[in-house]
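1. Compute the structure for the input listed below.
(one chain, ligands or ions: 1)
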Amino acid sequence: MTDAVGQMCDSVLLSTFLIRKKKCRVYFHRGTLIWETEGAPYTRSTLPLADVVAVNYVHEQDRSLCCGFQGLDDEGKPLSADLASTPPPRHHAFVLHYAAPTTKNRWRLQTVTLNHTDPRQIASWVKTIRNYLAGLTTRPKRLLLFVNPYGGKQKGMKIYEKQVKPLFEIAGIDAKIVVTQRPNHARDALLTFSFDNIDGIACIGGDGTFAEVFNGLILRTAKDLGIDHNDPEARLPTPELRVGVIPGGSTDTMAYCFHGTTDVPTAVLHIILGDSRGLDLCSVHSNATLLRYYSSVISYGFLGDVLRDSEKFRWMGPKRYEYSGFKKFMANKGYEGEITLLADNSSAAVGPKCWSNCERCDMHREMKKTKDAQQEGEWKTFRGKFFMVNGANVSCACTRSPNGISPFSHLGDGCVDIILFKHTNMLNNFRLLLRLTSKDKAVFDLPFVEIHRAREFTFRSLPTPVSQGDFSTPRLIPGVSVWNCDGEVQWETNMRVRVHCQLLQVFTRGFPEAEQRQGCRMCCF
Ligand SMILES: Nc1ncnc2c1ncn2[C@@H]1O[C@H](COP(=O)(O)OP(=O)(O)OP(=O)(O)O)[C@@H](O)[C@H]1O
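-> Sure, this is the predicted structure:
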């Protein structure tokens, strides 16, 4: 907590306001506003200032429109429209804009207006609340915002205009917009962009856009510090700038894993409120060359084939995944391979899940401060014919698969969960499909699925194709699949994946376990 906030914590305000036409006693103490009705029916409401986005004077002209009250200045003229400037002593109300949790992990901006006959009371409350909000230094004020007009249903710009811009304006966030013109635009821009006047980066797009942003940011940080990113052993520092993702893609897995929903206003409000969590990123190297960093999952076999095929049908929008998925599912191909992993001592098959205030992630954040992630552990090797091999960095939950392929995966525990789907018959594949859409059952309970928690792993396909050195060139080799790395095709099959614990700070508060979800803060007695 900053000093300013600390001082404000000690101030106490107490007054009586008219709220929603009811006389209420209002208290402000220790960062929380409480108002309760003076008469029956008794209601009590609490609002932590950590959830308040902005406080504004209500202009007398606005009040005159709704209340028939005409505000005049000292010369008897109507008051000016400048709400944010120093108040003339005539304001009789202020409005609080705040973020409130609703259902299904969604958040919405709400308002409450407090009316008082004495303008000095209004001025004093507004000043106190503004001072408190100014002390919340973790809130971004100047953002660099990448908008991908191509991802998902190609509605990136519309999402910005209709759902993002109005919220940023209320919160006083100055956003510099970059509309991406081509693949890798966001990544390349971040390699040279001046970070002098920004305190956060956000993007409107899907997992691919988010991946471009953090790949650019990590590479830029490594470059600025003279760290060789091609060195698989390199210890990378966490960039100072935090990153937020506003869903505008097809699956939006990362947004879902951060907020428990792919709802746009929720993601925007999480950015505005400025709380953040550490996210592990995985580096993917081949022959001492960095291919990329990923945040959700790297998948060889079925999902690699689906992605490779679906790119040809991008005109179908998100439906392309269903079309290619059906084709590849019916093909039921198996791929020979060998995985060697450095096992973690925790199990990926048991909870708890990674809710907000996750103890496991907090523990790893503290460990990261004191020492580098421990690398001791047992190496294990698995060989076989696989329908699919996955390295899940997060649960990979999404609207279609609310449990994800790795329900107990954590955002920031320095581990990747390896899920091996053995090649089997079509009936078992159908069981797998059903299991992936289940709300409470896990895929690894199926007898042909194994899960292992690791801190790093290597994979080689069998037979091993001769590396061409050019990792971006499409090469179709019989009996060999490709990797689906955060939704991008990775042609090089043999690779080493290492987890970098909490390498990125992302804007989110996380989301609570269902039974602990906050409901209405207004209690009636
Ligand atoms: N103007 C553009 N034209 C073509 N491609 C673009 C443009 N801007 C960005 N891209 C590329 O679009 C790709 C797909 O975007 P994104 O991943 O955000 O959407 P998606 O694939 O529909 O969603 P998801 O990854 O959530 O399934 C990104 O990898 C990015 O490189």
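
2. next helix or strand past the longest helix seen in the chain?
-> Across the chain, the longest stretch assigned as helix under DSSP state H is helix 207-224. With elements assigned by DSSP states H and E, the helix or strand that comes after helix 207-224 is strand 243-247.

3. Contact partners for the spatially closest residue to Lys176 that is not a sequence neighbour?
-> Using C-beta to C-beta, 6 or more residues apart in numbering and skipping the chain neighbours, the partner closest in space to Lys176 is Leu144 (5.2 Å). Placement of C-beta: from N, CA and C, glycine included. With contact set as C-beta atoms under 8 Å, 6 or more residues apart in numbering, Leu144 has these partners: Ala175, Lys176, Val178, Phe193, Ile198, Gly200, Ile201, Ala202.

4. which one of those is nearest Leu225?
-> For these, the residue nearest Leu225 by C-beta to C-beta is Phe193; the value is 16.5 Å.

5. Ala222 contacts Asp231, correct?
-> No - contact criterion C-beta atoms under 8 Å: Ala222 and Asp231 do not qualify, at 9.6 Å.

6. These two: which is more packed in?
-> Ranked by neighbour count (other C-beta atoms under 10 Å), Ala222 and Asp231 place Ala222 first, with 19 against 14.

7. Now do the contacts for the residue of the stretch 301-450 of the chain found nearest the ligand.
-> In the stretch 301-450 of the chain, the residue that lies nearest the ligand is Pro318 (6.7 Å; C-beta to the nearest ligand atom). Residues near Pro318 by C-beta under 8 Å, 6+ apart: Gly152, Lys153, Ser250, Thr251.

8. what's the span of stretch 463-482, first residue to last?
-> Start-to-end span of stretch 463-482 (C-alpha to C-alpha, to the nearest Å) is 14 Å.

9. swap in stretch 477-494?
-> 13 Å.

10. Would you mind listing the buried residues in that stretch?
-> For stretch 477-494, the neighbour count (16 or more other C-beta atoms under 10 Å) marks 480-494 as buried.

11. Now, these that are in strands?
-> Trp483, Asn484, Cys485, Glu488, Val489, Gln490 (DSSP state E).

12. residues touching the residue in the stretch 401-525 of the chain positioned nearest to the ligand, list them.
-> Here the residue of the stretch 401-525 of the chain nearest the ligand is Gly487; by C-beta to the nearest ligand atom that distance is 3.8 Å. By C-beta under 8 Å, 6+ apart, Gly487 lies in contact with Gly206, Asp207, Gly208, Ala211, Thr251, Ser296, Leu307.

13. do that again at 7 Å, thanks
-> Contact partners of Gly487, counting by C-beta atoms under 7 Å, 6 or more residues apart in numbering, are Gly206, Asp207, Gly208, Leu307.

14. Just the closest of the residues you listed to Pro512, please.
-> Once C-beta to C-beta is applied, the member of the contacts of Gly487 that ends up nearest Pro512 is Asp207, at 23.7 Å.

15. does Tyr98 sit in a helix, a strand or a coil?
-> Here Tyr98 is strand, with the state taken from DSSP: H, G, I helix; E, B strand; the rest coil.

16. Pretty sure it sits against Gln110.
-> Yes - between Tyr98 and Gln110 there is a contact at 5.9 Å, judged by C-beta atoms under 7 Å.

17. So which of the two has more stuff around it?
-> Tyr98 (23 against 15).

18. so the more buried one bridges to which residues?
-> Val52, Gln110 (DSSP bridges).

19. returning to that earlier point: angle of the strand or helix carrying the residue nearest to Lys176 against helix 207-224?
-> Following DSSP H and E, one finds Leu144 within strand 142-147. Orientation check (axes from the mean of the first three to the mean of the last three C-alpha atoms, to 10 degrees): strand 142-147 against helix 207-224 gives 130 degrees.

20. And Arg220, how far from Asp174?
-> Applying C-beta to C-beta, to the nearest Å, the value for Arg220 to Asp174 is 21 Å.

21. actually Cys358, not the one I wrote
-> Distance from Cys358 to Asp174, counting by C-beta to C-beta: 32 Å.

22. what comes up buried for stretch 210-224?
-> Here stretch 210-224 shows 210-222 as buried, counting by 16+ other C-beta under 10 Å.

23. Check stretch 389-407 too.
-> Under the neighbour-count criterion of 16+ other C-beta under 10 Å, stretch 389-407 has 389-398, 401-407 buried.

24. Can you give the contact residues for that stretch?
-> 251-253, 256-257, 262, 280, 282, 294-301, 337, 339, 348, 353, 409, 411, 416-420, 436-440, 442-443, 451, 457, 459, 497.

25. What are the buried residues along stretch 223-235?
-> Neighbour counts using 16+ other C-beta under 10 Å place Ile227, His229, Pro232 of stretch 223-235 among the buried residues.

26. what pLDDT does the first one get?
-> According to the predicted model, the pLDDT of Ile227 comes to 97.

27. I'd assumed Arg220 was in contact with it.
-> No - between Ile227 and Arg220 there is no contact under C-beta under 7 Å: 11.0 Å.

28. can you list the residues of this structure near the ligand?
-> 148-152, 180-185, 205-209, 212, 249-252, 487 (C-beta under 6 Å from any ligand atom).

29. Count the residues that sit near the closest residue to Leu503 other than its chain neighbours.
-> If the residues on either side of it in the chain are set aside, Leu503 comes closest to Leu281, at 4.3 Å by C-beta to C-beta, 6+ apart. Neighbours of Leu281 under the rule other C-beta under 10 Å: 22.

30. And Trp315, by the same measure?
-> Trp315, neighbours per other C-beta under 10 Å, totals 7.

31. Beta-bridge partners for Gly205, please?
-> Note on Gly205: beta-bridge partners Pro247, judged by DSSP bridges.

32. ok, it - how many residues close by?
-> Applying other C-beta under 10 Å, we find 29 residues neighbouring Gly205.

33. and the one helix or strand Ile34 maps to, which strands flank it?
-> Using DSSP H and E, Ile34 sits within strand 32-37. For strand 32-37, the paired strands and their directions (DSSP bridges) read strand 22-29 (antiparallel), strand 43-48 (antiparallel).
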